[in-house]
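Enquirer: Fold the following, please.
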Amino acid sequence: MSPTLHECLLSFFGWVLRGSFMASILILLVLILQLLLKNKLEVRWKYLLWVPVAIRLLLPWAPESSLSLYNVFSLEAIVPVSQPQSQAQLPSAWHNLWKGSGEKSEAAAQAENSTDLEESNLLRGSTEVSDSSHESGTVWDIRFWWSGFKQMGFTNMLMSVWLLGVLLFAAKTVYDQLRLKQALRAGRCIETPFLSEVFHETKLLMGVKGEVRFIASERIPGPAVVGFRKPAIVISPSLLVTLREDQLRCILAHEFGHIQRRDVAVNWTMHILLILHWFNPLLWLAVHKARQDQEMACDACVLDRLSLQPPLQHNHTYGQTIIHVLEHFHLSGKQHQPGLAGLSATHKQMKKRLLMIKRFHKKSYHLSMLGMAIIIALGSVTLVNAKGNDVDAAPSPAVNEIALKTAATKPKAEGEGEKLEKAEKERIAKLLEKNPDDTYIVYVSNELKEGKGGREVSLMGGSPPGFDTYEGYLKRASTLKEAVPQQPADLPEGYTLSKANIYFVFTSKDFAPVKAEAKKLDKLIYSKKINVTKSHHIGLTYTKGEDFISIQSFHFDEEDLKDKKRKEKEYNYISAKDREKEDPKHEGRNYLSWERGEKVFQIVTNKGNPLTEEDLIKLAKTGVKK
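Expert: So this is what the prediction gives:
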C-alpha cells in the first residue's frame, strides 16, 4: 500500500472512530430521553430524535463550542493497551489516529527505528543461518514474520480488522440486494381491475405522485416497499386472498406511507452507516430502535391521512389488519434489509403499535413544540466538537493503571472464554431437546469475551408455541399463573379446534435478576431456568365450515391498568350489523369482550354466524380457566 493511500485510509479510520464514539454518547442520550418522555412525546418526534445521530456520523467537520457535550465526555480517557508497545509509545499512536493525521510521534519513530535495526540484524544473520541448515532457516522465517507482525503496530492491525469487517459486510449487502432484485423480477404485476382500483385510490389518498408498481410475490417478506427510485409494493398472494377491501386499503396505505416519507432511502443511509461502524453495538441497537420508531411513525402518518376520510372508525380496522398480517406470517419480524420497508413486526412490537393506534388522535402527527425544542437542544450540544481539546496530551497515570488492570482480567488462554460460553450453551441446548417448553436465561460476563463486549444476557427456549391439539395447548397453558382461554363447556356441536397459540414477552426486567444473581455468586457464566408465568396474547380458534369462534386474551400493561376505568366481568357485545352502520366498510365480525384481572378477553365470530349475544355470553362463562 502506498504511503499516500495508507495515510488517507488511516485518516478516514480516525474519522470513523471519532464519529462512532460521539454517536455512542448521543445514542445513550436519545434512549434516556425516549424513556423519560415515553408518554409525552408523539411517535413522529420519537423517530426524529434519531436524526441527530445520523448527522453526527455523517459530519466530516463540526465547529467547536463550549456548549459541546464532548467537553465532558472525551475519547482521550480511553487508551487501548497492547503488549508489543510501551505505555510511552501508546498514547501518541492513539492520539494520532484520533486526530486523523498520518504523522508519527517522536517516540513512535524511535520505536520504528528500533524495529528496523532488529530486522536488519536478522537479515544480516540470515545468510549464516541459511547456510547452516534448512531447520535453522525455518526458525529464522518464524522470527522474521513475528518481527513484521510487531512492526505493523496496534493502529494498523486495528484498521485492518475494521476494513475486513467493512468489506465482508458490504459484500453480504450486495449479495442480499441481488437476491432481492431476483425475487422482485420473479414476481408478477397485479392488474386485476378491482385490486388496481383500490391501489390507485389509496395512492391518491396518501398523496404519492410517482410511478409505483403493484407486485405479488411469495419470495419477498411482505407486505413491503422495495426500492426508492422506482418503488414497488409487494404483497404475498397467500395473504392477499385473505384480505377484505378495508384491510387491503390499510396495508396499501401503510406502504404508500413509507414511499411518501422516503423510508427506504433512510434505511439505506442507516445501513451504510452500520457498515462503516459495524463494530459499535450501540449503533446496532440504535438502528433497531429507529426501525421500530419508523414503523410507528408510519402508522401515525397513515392514521392521520385516513382520519380525513369518513367514517371515522379507521383505528380499529387498522389495528385488526396488523394483527391479521402477524397471524398470517406468525413470526414476521424477519431480518431487516436496507432496500425494504414493510408492515411486519414482532409480537413485542405489535403490542406497542396497537396501543399507539388505540390512543391515536388527530394532533398526534402534527407539529410538536416539545419535540422541536428537544431536537434543537440535542443538536446544539452534540453536533459541535469540544472547544480547545488538546488531543496530544498524554492520559493520566490513573487511566493507564485502569487500562492495565482491565487487560489483566482477560483469560490466560486465547479463546478460553468462547469455549466456555459455547460449552454452556450446548449444555442448555441438550436440556431443551428433552424439554422444549423450558426457558433458560444465560449470563456470560464480558470479561470472558476477550474485549468483544456485547450482550451479557441471552435467552434460550421460550419461543411462542403453536398447538394442533387442545390437549397440547392445555398442558402448556396450565403452567401459567393467570386466567387463560379454554374450550367452553357448551361449545356448539360441529366446531373443531383449528389452531391455538401462546405468545410470551421477555424484557430486561426478566434478565436483570439473573445477572445480579450471577454477580452475587461471583460467576462469569451462569444459567438459570425460569418459569414463564404470564402470557402476552393467547388465541383459540374453532371452525365449522365457514363459521368460526375465536377466544382470545390480551395482557394489559401497567399504564393501561391505571388509565382504564375498568368494569370487570361486564360483557360488552358489538354485532357486525352495528359496526356496519357506523362504518359500511367494516370487516363484519361480532365481538363480545370483558375484563378479568390484568387481562381482557374477547370472543369473535364471523358476520353470518348464527350464535347470538346470549350464546356468546354463555360460552364466555365457561371459556376461561382460572
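Enquirer: The residue nearest to the spatial centre of the chain sits in which helix or strand?
Expert: By Cα atoms, centre = their mean, the chain has its centre lying nearest to residue 288, at 3.0 Å. For residue 288, the host element (DSSP states H and E) is helix 281-306.
Enquirer: so what secondary structure elements neighbour that helix?
Expert: Applying 3 or more Cβ pairs under 8 Å, 6 or more residues apart in numbering; DSSP states H and E, we find helix 281-306 packed against helix 3-36, helix 43-48, helix 51-58, helix 245-260, helix 263-276, helix 314-329, helix 347-359. Where C-beta positions appear, they are placed from N, C-alpha and C, glycine not excepted.
Enquirer: Give me the angle between it and helix 245-260.
Expert: Angle, helix 281-306 to helix 245-260, by axes from the mean of the first three to the mean of the last three Cα atoms, to 10 degrees: 130 degrees.
Enquirer: Could you give the average pLDDT over helix 281-306?
Expert: Averaged over helix 281-306, pLDDT sits at 88.
Enquirer: in it, what's buried?
Expert: 282-283, 286-287, 289-306 (16 or more other Cβ atoms under 10 Å).
Enquirer: burial of residue 614, as a residue count?
Expert: By other Cβ atoms under 10 Å, the residues close to residue 614 number 9.
Enquirer: Give me the residues contacting the helix or strand encompassing it.
Expert: Assigned by DSSP H and E, residue 614 falls within helix 613-622. The contact list for helix 613-622 (Cβ atoms under 8 Å, 6 or more residues apart in numbering) reads 486, 488-492, 549, 551, 571, 573, 575, 590, 592, 594, 601, 603, 605, 611.
Enquirer: Swap in 7 Å and give it another go.
Expert: Contact with helix 613-622 is made by 488, 489, 490, 571, 573, 592, 594, 603, as judged by Cβ atoms under 7 Å, 6 or more residues apart in numbering.
Enquirer: Just the buried residues of those residues.
Expert: Among the contacts of helix 613-622, those buried by neighbour count (16+ other Cβ under 10 Å) are 488, 571, 573, 592, 594, 603.
Enquirer: Please identify which of the residues you listed is nearest to residue 6.
Expert: The nearest member of the buried ones among the contacts of helix 613-622 to residue 6, counting by Cβ to Cβ, is residue 603 at 70.2 Å.
Enquirer: That closest one contacts residue 548, correct?
Expert: No. Between residue 603 and residue 548 there is no contact under Cβ atoms under 7 Å: 10.7 Å.
Enquirer: could you pull out the helices for the stretch 401-550 of the chain?
Expert: Under the criterion DSSP state H, counting those that start in this stretch, the stretch 401-550 of the chain contains helices at 416-434, 470-477, 508-520.
Enquirer: remind me which residues of the stretch 451-600 of the chain are low pLDDT?
Expert: Filtered on pLDDT under 70, the stretch 451-600 of the chain yields the residue ranges 451-454, 462-465, 505, 507-508, 556-569, 585-587.
Enquirer: That one: strands as residue ranges?
Expert: Remark: strands assigned in the stretch 451-600 of the chain by DSSP state E, counting those that start in this stretch are 457-461, 466-467, 484-485, 496-503, 525-530, 537-544, 547-555, 572-574, 589-596, 599-606.
Enquirer: And the third one, what does it pack against?
Expert: Read it as strand 484-485. Using 3 or more Cβ pairs under 7 Å, 6 or more residues apart in numbering; DSSP states H and E, the elements in contact with strand 484-485 are strand 537-544, strand 547-555.
Enquirer: quick one: residue 225 is in a strand?
Expert: Yes. Assessed with DSSP: H, G, I helix; E, B strand; the rest coil, residue 225 lies in a strand.
Enquirer: and it, how many neighbours does it have?
Expert: A count of nearby residues for residue 225, using other Cβ under 10 Å, gives 25.
Enquirer: Bridged to it, which residues?
Expert: As for beta bridges, residue 225 partners with residue 233, residue 341 under DSSP bridges.
Enquirer: What is the burial count for residue 625?
Expert: Neighbours around residue 625, by other Cβ under 10 Å: 14.
Enquirer: how close does it get to residue 478?
Expert: Per Cβ to Cβ, to the nearest Å, residue 625 is found 8 Å from residue 478.
Enquirer: and what of residue 27?
Expert: Distance, residue 27 to residue 478, using Cβ to Cβ: 43 Å.
Enquirer: Next: residue 160.
Expert: For residue 160 relative to residue 478 (Cβ to Cβ), the value is 56 Å.
Enquirer: Which of these two has more residues huddled nearby?
Expert: Ranked by neighbour count (other Cβ under 10 Å), residue 160 and residue 478 place residue 160 first, with 13 against 10.
Enquirer: Can you say which helix or strand has the more buried one in it?
Expert: Using DSSP H and E, residue 160 sits within helix 134-186.
Enquirer: Just name the most buried of the helices of the stretch 401-550 of the chain.
Expert: Ranked by mean neighbour count under mean count of other Cβ atoms under 10 Å, the helices of the stretch 401-550 of the chain are led by helix 470-477, which reaches a mean of 16.
Enquirer: That one versus strand 496-503: what angle between them?
Expert: Between the axes of helix 470-477 and strand 496-503, defined by the same axes, to 10 degrees, the angle is 20 degrees.
Enquirer: Please name every helix or strand in contact with helix 470-477.
Expert: Applying 3+ Cβ pairs under 7 Å, 6+ apart, we find helix 470-477 packed against strand 496-503.
Enquirer: What lies in contact with the strand it packs on?
Expert: Applying Cβ under 7 Å, 6+ apart, the contact partners of strand 496-503 are 347, 464-467, 470, 473, 476-477, 535-543.
Enquirer: Over to stretch 514-522?
Expert: Outside stretch 514-522, the residues that reach it (Cβ under 7 Å, 6+ apart) are 441, 443, 456, 457, 526, 528.
Enquirer: let's see it at 8 Å
Expert: Here stretch 514-522 makes contact (Cβ under 8 Å, 6+ apart) with 441, 443, 445, 456, 457, 524, 525, 526, 528, 530.
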